[in-house]
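> Pasting a predicted model and its sequence here:
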Amino acid sequence: MELKRLKARLKTAQRGHKLLKDKTDEMVRRFSIVVKENKKLRDEVEGEVANVLAQFSVARSLMRRSEIALSFAMPAVSVELDCSTNNIMSVDVPKLSLKEKRSVGKYPYSFIDTTSEADYAVKLVGEVLTKLVKLAEIEKTTAMLADEIEKGKRRVNALEYVMIPNIEETIKYITMKLEENDRSSRTRLMKVKSMLEEKK
């Protein structure tokens, strides 16, 4: 009965190992796609952020500190972040999207008080913000998938190198014991048979 139970358990463990390995392999494939997208977007965003900072530096150098503080004191746009989840191979990853609400026009200040560099810098910030949110979403997805892949690999290794070999070893031991018991009972039966024949 124990042998039968262990054989069923071994079959289940082998099937589970195959399924987990397939899932981990597919997750690694999807992870590599997300990592490539992450690298591309990161390089793009870093370049754009550097450009925005350079543009703001130029704008600051052409305007007085009081004018800058006054121009950017009242924001024209309020931003709302919508958070939901997306399922990738049974891992719930974040899905972020920005919703803009404009109180006034595109720029919150008078064009008389500011330079065209400041206008351009404000325009660039608006464009780079959505990309920054997208980058945050992709980076979190990458981290979550990496954690899940690591857990999956640990489970696969535990099944492959610990659980399955232990069950196989136990099955082998029980089978050998049963064969040994079978041989010894056959030997006893033959001995009894020969003793009965001698008596006759």
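Arrived safely, thanks for sending. Numbering: from 1, shown residues only.
> What's the local residue count around K151?
11 (other C-beta atoms under 10 Å). Where C-beta positions appear, they are placed from N, C-alpha and C, glycine not excepted.
> give me phi/psi at it?
phi -60, psi -40 (degrees, to the nearest 10).
> Quick one: the strands in the protein, in order.
77-88, 91-102 (DSSP state E).
> for the first one, the distance to its chain's centre please.
In this case it means strand 77-88. 18 Å (C-alpha atoms, centre = their mean, to the nearest Å).
> List of residues touching it?
27, 30, 92-103, 108, 126, 129, 133, 141, 145 (C-beta atoms under 8 Å, 6 or more residues apart in numbering).
> Recalculate using a threshold of 7 Å.
30, 92-102, 133, 145 (C-beta atoms under 7 Å, 6 or more residues apart in numbering).
> now stretch 191-198, how far from the chain's geometric center?
The answer for stretch 191-198 is 72 Å, by C-alpha atoms, centre = their mean.
> before we move on, what about stretch 180-196?
On the basis of C-alpha atoms, centre = their mean, stretch 180-196 sits 62 Å off its chain's mean C-alpha point.
> pull the CA atoms of it into CSV?
Output of stretch 180-196 as CSV, limited to C-alpha atoms (Å, rounded to 0.1, in the frame of the first residue of the first chain):
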residue,chain,number,x,y,z
GLU,A,180,13.8,-10.0,-0.3
ASN,A,181,10.7,-11.1,1.6
ASP,A,182,9.4,-12.9,-1.4
ARG,A,183,12.7,-14.8,-1.9
SER,A,184,12.9,-15.8,1.8
SER,A,185,9.3,-17.0,1.8
ARG,A,186,9.9,-19.0,-1.4
THR,A,187,13.1,-20.5,0.2
ARG,A,188,11.0,-21.5,3.3
LEU,A,189,8.3,-23.0,1.2
MET,A,190,10.9,-25.0,-0.7
LYS,A,191,12.5,-26.2,2.5
VAL,A,192,9.2,-27.2,4.0
LYS,A,193,8.3,-29.1,0.7
SER,A,194,11.6,-30.9,0.8
MET,A,195,11.1,-31.8,4.5
LEU,A,196,7.6,-33.2,3.7
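> mean confidence score for that stretch?
In this model, stretch 180-196 carries a mean pLDDT of 88.
> re earlier: from the contacts of strand 77-88, keep the buried residues only.
For those, a burial check counting by 16 or more other C-beta atoms under 10 Å picks out 93, 96, 133, 145.
> Could you work out the most separated pair of the residues you listed?
V133 and L145 (18.8 Å; C-beta to C-beta).
> Tell me where this protein has helices.
2-62, 65-71, 116-158, 164-199 (DSSP state H).
> Out of the ones you listed, indicate the one that is most buried.
Highest mean neighbour count among those (mean count of other C-beta atoms under 10 Å): helix 116-158, with a mean of 16.
> how much distance is there from that one to the middle of the chain?
That offset, for helix 116-158, works out to 12 Å (C-alpha atoms, centre = their mean).
> Equivalent analysis for stretch 172-182, please.
Centroid displacement of stretch 172-182 relative to its chain, using C-alpha atoms, centre = their mean, is 46 Å.
> Many thanks, I have nothing further to ask.
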